[in-house]
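Novice: Curious how this folds, go ahead:
(2 chains)
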Number of protein chains: 2
Amino acid sequence: DLVAELGKQFEQKSLSGKTVTITAGPTREAIDPVRYISNHSSGKMGFALAQAAVEAGANVNLICGPVTLATPERVNRIDVESCQNMYDAVFETLPNTDIFIGAAAVADYRPATTADHKIKKQSDAMSIELVRNPDIISSVAATENKPFTVGFAAETQDVSGYAKGKLISKNLDMIIANDVSDKSIGFNSEDNAVVVIGHNYETSHGKANKYHLARVIVEHIAECLETQ
Amino acid sequence: DLVAELGKQFEQKSLSGKTVTITAGPTREAIDPVRYISNHSSGKMGFALAQAAVEAGANVNLICGPVTLATPERVNRIDVESCQNMYDAVFETLPNTDIFIGAAAVADYRPATTADHKIKKQSDAMSIELVRNPDIISSVAATENKPFTVGFAAETQDVSGYAKGKLISKNLDMIIANDVSDKSIGFNSEDNAVVVIGHNYETSHGKANKYHLARVIVEHIAECLETQ
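Specialist: Residues are numbered from 1 along each chain as shown, chains lettered A, B, ... in the order given. Below you'll find the predicted structure:
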């Protein structure tokens, strides 16, 4: 009957009962009240992952920088601006997180100081002193009871090589690598092409819609959790 | 009264036969293929001015940085990214421009060099060397047969003082000053509050919808052209 059928479908949901926390979009690092440093992340891949995870039965927190995307249904969206804001929001949700997916393009550096007032232009040249931001995903992966931790590597050269290096150095469980030098995929595009890399496998997925790839990635994660 | 006066102006199509070129939105100055420096301009004020100018009978070029706004009907929209792109587009349209409105929040500085590949994070601190961008509105106002040139001054302190200084130093015909330290107006807000400053007048307009203010500003410009 219908109730049994629905129950069966619910049981089959691969991430049922799991809480997934996903970061998405860029961060903005303030230079002064008007200016900031940011990057070209649209947030589309992270939002697609949030939707795919909800559809796989998970509870989903979506911690996102400034983006212009609609929130998928049943997703708990938390808006942030800077890396530090995102770090704080991630660690607030972490105690209840089973799977962490760092899809945000977090700024590696922020201005050493943020001016209270708009900096007036003066000299012909100037320089902005930058300091390192906290590394959110490394910090997550370094916690004692770390969640299954999935990173992204957006590179413009030696994509697979850099990605494997990150997987190991950051103590991740999985990394999704993509080549952002190809303008037809990646940042701001509807499509992407990724390589899913774990400690003992590497699977390429050719150019496809980001939502389709998100479902593929979510299934990869569910399989890894099952065999863990 | 003002409303009746506005209605009359718009019926009479006060800018009929004129070509207005408007810049809007932020610019993005590339650090590398992924990162950039930008600012919080939403482009709303420039887009509202484009709509008001079209409704006043003008031909309108709208040269805009990266924004997420719909193009008003009958507006010739030209999308650009950096200050240099915007400068080039402005000077292409300039020979046919009667009125130039610089509503864009153009970056004053750009990175001295743009890396071909994504810069890898290395040291704990780094600095970005910046060089001055061309000053688009000053360059427009310095041309021999300059259009009626209207600037904007987004300030966080001594708004009117800075604005008057800009009006004179940049050889503008009019400047629209607003205080961006008030979060309820200005960048990204639907509302704004401005002071319209010319060489022999200064008129304050309290908090109002940006489209309403755009009509007021267009009327100010039309009056100035009539009495020129």
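Novice: so A:Ile22 touches A:Ala48, yeah?
Specialist: No - applying CB atoms under 8 Å as the test, A:Ile22 and A:Ala48 come out as separate, 9.8 Å apart. Where C-beta positions appear, they are placed from N, C-alpha and C, glycine not excepted.
Novice: Compare the two and say which is more crowded by neighbours.
Specialist: A:Ile22 (29 against 26; other CB atoms under 10 Å in any protein chain shown).
Novice: any idea how far B:Val34 is from that one?
Specialist: The spacing between A:Ile22 and B:Val34, counted by CB to CB, to the nearest Å, is 20 Å.
Novice: And A:Thr203, by the same measure?
Specialist: 25 Å.
Novice: With A:Asn96 instead?
Specialist: A:Asn96 is 32 Å from B:Val34, by CB to CB.
Novice: Ok, A:Ile119 next?
Specialist: On the measure of CB to CB, A:Ile119 and B:Val34 end up 24 Å apart.
Novice: do the same with A:Arg110
Specialist: From A:Arg110 to B:Val34 the distance is 16 Å (CB to CB).
Novice: Likewise for A:Pro72?
Specialist: 25 Å.
Novice: Settle it for me: which of the two has more neighbours?
Specialist: Taking other CB under 10 Å, A:Pro72 and B:Val34 do not tie; B:Val34 has more neighbours (23 against 19).
Novice: Surely A:Met126 and B:Asn133 touch.
Specialist: No - with contact defined as CB under 8 Å, A:Met126 does not reach B:Asn133; the gap is 11.9 Å.
Novice: between these two, which one's more packed in?
Specialist: More crowded of A:Met126 and B:Asn133, by other CB under 10 Å: B:Asn133, with 19 against 16.
Novice: Just the element for the nearest residue to A:Val196 once chain neighbours are set aside, please.
Specialist: Distances taken as CB to CB, 6 or more residues apart in numbering or on different chains place A:Thr203 nearest to A:Val196, at 4.8 Å, with adjacent residues excluded. Assigned by DSSP states H and E, A:Thr203 belongs to strand A:202-209.
Novice: Quick one: residues in contact with the helix or strand just after that strand.
Specialist: As assigned by DSSP H and E, the chain's next helix or strand after strand A:202-209 is helix A:210-227. For helix A:210-227, the external contacting residues (CB atoms under 8 Å, 6 or more residues apart in numbering or on different chains) are A:14-15, A:18, A:44-45, A:48-49, A:51-53, A:55-56, A:98-99, A:101, A:148, A:150, A:173-174, A:176, A:189-192, A:194, A:196, A:198, A:203, A:205, A:208.
Novice: So the residue nearest to A:Ser204 when sequence neighbours are not counted: helix, strand or coil?
Specialist: Nearest in space to A:Ser204, with sequence neighbours left out and distances taken as CB to CB, 6+ apart, is A:Val195 at 5.0 Å. Of the three states, A:Val195 takes strand under DSSP: H, G, I helix; E, B strand; the rest coil.
Novice: which bits of chain A sit near chain B?
Specialist: Counting by CB under 8 Å from any CB of the partner chain, the residues of chain A close to chain B are A:31, A:33-40, A:68, A:105, A:107-109, A:112, A:117-118, A:121, A:123-132, A:154-157, A:180-181, A:187.
Novice: among those residues, which are in strands?
Specialist: A:35-39, A:109, A:125-132, A:154-155 (DSSP state E).
Novice: ranking the residues you listed by neighbours, who comes first?
Specialist: A:Asn39 (27 neighbours).
Novice: Look at that one and report its pLDDT.
Specialist: If you check A:Asn39, the pLDDT there is 93.
Novice: and it, what are its bridge partners?
Specialist: Judged by DSSP bridges, the bridge partners of A:Asn39 are B:Arg35.
Novice: That one contacts A:Tyr109, correct?
Specialist: No - counting by CB under 8 Å, A:Asn39 does not reach A:Tyr109; the two are 11.2 Å apart.
Novice: anything in contact with each of the two?
Specialist: Common neighbours of A:Asn39 and A:Tyr109 (CB under 8 Å, 6+ apart) do not exist.
Novice: Just give the number of residues close to A:Arg28.
Specialist: 22.
Novice: Could I get the contacting residues of it?
Specialist: A:Arg28 touches A:36-38, A:65-66, A:81-82, A:107, counting by CB under 8 Å, 6+ apart.
Novice: Nearest residue to it in space, please, no chain neighbours.
Specialist: Closest to A:Arg28 by CB to CB, 6+ apart is A:Tyr36, at 4.3 Å.
Novice: wait, what's in contact with that neighbour?
Specialist: A:28-30, B:37-40.
Novice: With distance to A:Phe91 as extra columns, can I get those in JSON lines?
Specialist: Listed next are those as JSON lines, based on distance: CB to CB, whole Å:
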{"residue": "A:Arg28", "distance to A:Phe91": "20"}
{"residue": "A:Glu29", "distance to A:Phe91": "19"}
{"residue": "A:Ala30", "distance to A:Phe91": "21"}
{"residue": "B:Ile37", "distance to A:Phe91": "28"}
{"residue": "B:Ser38", "distance to A:Phe91": "28"}
{"residue": "B:Asn39", "distance to A:Phe91": "29"}
{"residue": "B:His40", "distance to A:Phe91": "27"}
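Novice: Give me the distance between the two termini of stretch A:23-39.
Specialist: End-to-end distance for stretch A:23-39: 15 Å, by CA to CA, to the nearest Å.
Novice: make that stretch A:152-163, sorry
Specialist: Stretch A:152-163: ends 8 Å apart by CA to CA.
Novice: in that stretch, what's buried?
Specialist: Neighbour counts using 16 or more other CB atoms under 10 Å in any protein chain shown place A:152-156, A:159-160, A:162-163 of stretch A:152-163 among the buried residues.
Novice: just stretch A:138-146 next, same as before
Specialist: Buried-residue list, stretch A:138-146, by 16+ other CB under 10 Å: A:138, A:140-141, A:146.
Novice: likewise stretch A:17-35?
Specialist: A:18-35.
Novice: quick one on the thing from earlier: you'd agree the residue nearest to A:Ser204 is up against A:Gly206?
Specialist: No - with contact defined as CB under 8 Å, A:Val195 does not count as touching A:Gly206 (10.2 Å).
Novice: ok, those two, which is more surrounded?
Specialist: Neighbour count, other CB under 10 Å: between A:Val195 and A:Gly206, A:Val195 has more, with 18 against 10.
Novice: Enumerate every residue touching the more buried one.
Specialist: Counting by CB under 8 Å, 6+ apart, A:Val195 has contacts A:159-160, A:163, A:176-178, A:202-205.
Novice: Just the buried residues out of those residues, in ChimeraX syntax.
Specialist: Selection of buried members from those for ChimeraX, criterion 16+ other CB under 10 Å:
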select /A:159,160,163,176,177,178,205
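Novice: Closest one to chain B out of the contacts of A:Val195, please.
Specialist: When the contacts of A:Val195 are compared for distance to chain B (CB to the nearest CB), A:Val159 comes out closest, at 10.8 Å.
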